[in-house]
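1. just a sequence and a predicted model for now, questions to come.
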Amino acid sequence: MIRNSINLLTKKLISSTSCQRTRMRCFSSGATNLVDVNVNDKTGIAVVTLNRPPVNSLNLELLTDLSKTLDELESNRSKGMILTSSSKTVFSAGLDILEMYNPEPERSKAFWTALQDVWLKLYGSPYPTAAAINGHSPAGGCLLAICCEYRVMVNDFTIGLNETRLGISAPSFFISSFRNVLSTREAEKALTLGTMFSSDEALKVGLVDEIATDKADSINKCENFLLEFKKVSSMARAFTKQSLRKKDLEELENNREQDLQLFLFAINQPIVQKGLGAYIQSLKKK
Ligand SMILES: CCCCC/C=C\CCC/C=C/CC(=O)SCCNC(=O)CCNC(=O)[C@H](O)C(C)(C)COP(=O)(O)OP(=O)(O)OC[C@H]1O[C@@H](n2cnc3c(N)ncnc32)[C@H](O)[C@@H]1OP(=O)(O)O
């Protein structure tokens with residue numbers, strides 16, 4: 001009995017050794033483990049890592065894991081979250097195009113609903129958020145970054161909402177979160193052109209707040225931003241953020257079904273299916 005308890009304790013110690021070295025608590029978000037979470041015990045800040053190789057494209061399972069993680073952070077009264085990626089070159093390739101190609105009705109509904117959930121939870125989170133953008137971040141990848149309050153981007157990558165380049169318009173909640181970061185003028189120009197910004201261009205236009213030399217530097221800079229809130233009442237902070245974002249959040253909250261139906265209608269158009277098929281082929285031929 002005692003030996004069993006010691007064995008159990010030893011196993012627990014071994015499995016948590018790597019976390020203890022950096023005073024981190026580790027947990028994963030759920031059954032599919034596509035999101036890793038490391039909470040720094042000293043600061044209370046969680047580093048949330050998207051981990052769906054090769055490019056962190058956002059499919060139903062990844063979105064569901066991320067959504068559960070955001071719930072856990074909120075119920076644990078997180079001190080802050082840094083969103084990053086396990087890939088060396090891609091933060092997130094955006095929505096998984098295979099979720100929209102030859103769609104299966106029930107799955108596409110669940111997929112879009114999960115995306116709406118993630119957006120509402122991340123954009124409206126009571127805890128402070130920052131994105132350590134350690135790779136390319138097109139479309140839905142850029143969406144995750146602009147939901148956060150602060151963005152630090154590693155040099156030599158690209159970011160933007162490039163939907164018009166794919167022959168579609170960015171959905172309305174993509175546009176509202178983009179406009180929360182950029183001036184209406186800059187947002188209109190970038191959205192209509194489908195601009196993908198280099199890190200330097202993104203800094204110049206205000207799409208990112210700082211440039212980093214590598215992933216560790218980007219996480220460090222995000223952490224410094226989040227630590228500034230130690231001096232601020234978390235309730236006053238959360239209320240202020242949510243008041244500023246209230247209109248955008250209510251816009252989707254009050255029109256979720258309509259937004260879903262628009263998505264289902266769009267992806268079921270033969271011309272869109274043809275475009276998606278060609279796009280998938282062009283990615284494969286690269
Ligand atoms: C087009 C009409 C859409 C109609 C839908 C209508 C309305 C709905 C609303 C739509 C909203 C959409 C928002 C989105 O997020 S759409 C997704 C937009 N994303 C992109 O355009 C990015 C495409 N990917 C890339 O540009 C590159 O992959 C990269 C991110 C720069 C990384 O480059 P690299 O490291 O060289 O990797 P590869 O290109 O070789 O890719 C490896 C592997 O991954 C597959 N892949 C890449 N991106 C996606 C993706 N978004 N979804 C699914 N799969 C993706 C790629 O095909 C490779 O696969 P194989 O290894 O099998 O060849």
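-> Here it is on my side, so go on. Residues are numbered from 1 along each chain as shown.
2. OK, contacts around residue 94?
-> With contact taken as Cβ atoms under 8 Å, 6 or more residues apart in numbering, residue 94 is in contact with 57, 58, 138, 139, 140, 141, 142, 143. Every C-beta, even on glycine, is put in place using the N, C-alpha and C of the backbone.
3. run the last query once more with 10 Å
-> 55-58, 136-144, 161-163, 166 (Cβ atoms under 10 Å, 6 or more residues apart in numbering).
4. residue 248 too?
-> Residue 248 neighbours (Cβ under 10 Å, 6+ apart): 119, 120, 123, 124, 172, 173, 175, 176, 177, 179, 180.
5. can you pull out the low-pLDDT segments for the chain?
-> 1-32 (pLDDT under 70).
6. please identify the residues of it in proximity to the ligand?
-> The interface of the chain toward the ligand, taken as Cβ under 6 Å from any ligand atom, is made up of 54-55, 57, 89-90, 93-98, 100, 136, 138-140, 163, 166-168, 171, 263, 266-267, 272, 275-276, 279, 283-284, 286.
7. geometric centre of the protein: which residue is closest?
-> Central residue of the chain (Cα atoms, centre = their mean): residue 144, 3.1 Å from the mean position.
8. right, and the helix or strand after the helix or strand where that one lies?
-> Following DSSP states H and E, one finds residue 144 within helix 140-147. Once the chain leaves helix 140-147, the next helix or strand it forms, by DSSP H and E, is strand 150-154.
9. can you give me the angle that next one makes with helix 140-147?
-> Inter-element angle recorded for strand 150-154 and helix 140-147: 130 degrees (by axes from the mean of the first three to the mean of the last three Cα atoms, to 10 degrees).
10. how far off centre is whichever helix or strand comes after strand 150-154?
-> Note on strand 150-154: by DSSP H and E, the next helix or strand toward the C-terminus is strand 158-160. How far strand 158-160 lies from its chain's middle: 14 Å, per Cα atoms, centre = their mean, to the nearest Å.
11. can you show me the helices along the protein?
-> Using DSSP state H, the helices of the chain run over 2-21, 60-75, 105-123, 140-147, 172-179, 184-193, 199-205, 215-227, 234-253, 256-267, 270-285.
12. buried deepest among those helices, which one?
-> Highest mean neighbour count among the helices of the chain (mean count of other Cβ atoms under 10 Å): helix 140-147, with a mean of 27.
13. what is it packed up against?
-> Helix 140-147 is packed against strand 80-85, helix 105-123, strand 129-133, strand 137-138, strand 150-154, strand 158-160, helix 172-179, with contacts defined by 3 or more Cβ pairs under 10 Å, 6 or more residues apart in numbering; DSSP states H and E.
14. what angle do it and helix 184-193 make?
-> Using the same axes, to 10 degrees: helix 140-147 against helix 184-193 is 170 degrees.
15. how far is helix 140-147 from where the chain is centred?
-> 5 Å.
16. stretch 41-49 now?
-> Per Cα atoms, centre = their mean, the centroid offset for stretch 41-49 relative to its chain is 16 Å.
17. next: stretch 36-56.
-> Distance, centroid of stretch 36-56 to centroid of chain: 11 Å (Cα atoms, centre = their mean).
18. likewise for stretch 218-236?
-> With Cα atoms, centre = their mean, you get 18 Å for stretch 218-236.
19. with stretch 129-149 instead?
-> On Cα atoms, centre = their mean, the centre of stretch 129-149 falls 6 Å from that of its chain.
20. first-to-last residue distance for that stretch?
-> Its first and final residues considered, stretch 129-149 spans 5 Å by Cα to Cα, to the nearest Å.
21. same question, stretch 79-97
-> 34 Å.
22. ok, and for it, which residues are buried?
-> 79-87, 90-97 (16 or more other Cβ atoms under 10 Å).
23. thinking again about what came up before, adding distance to residue 155, write the helices of the chain out as CSV.
-> Output for the helices of the chain, formatted as CSV (distance: least, Cβ to Cβ, whole Å):
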stretch, distance to residue 155
helix 2-21, 28
helix 60-75, 26
helix 105-123, 25
helix 140-147, 15
helix 172-179, 22
helix 184-193, 20
helix 199-205, 5
helix 215-227, 10
helix 234-253, 29
helix 256-267, 34
helix 270-285, 24
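24. can you list contacts of stretch 200-207?
-> 133, 137, 142, 145-146, 151-153, 155-161, 178, 181-183, 186-187, 189-190, 195-199, 208-211.
25. can you say which of those are buried?
-> If we count by 16+ other Cβ under 10 Å, the contacts of stretch 200-207 have these buried: 133, 137, 142, 145-146, 151-153, 157-161, 178, 181-182, 186-187, 190, 195-197, 199, 208-211.
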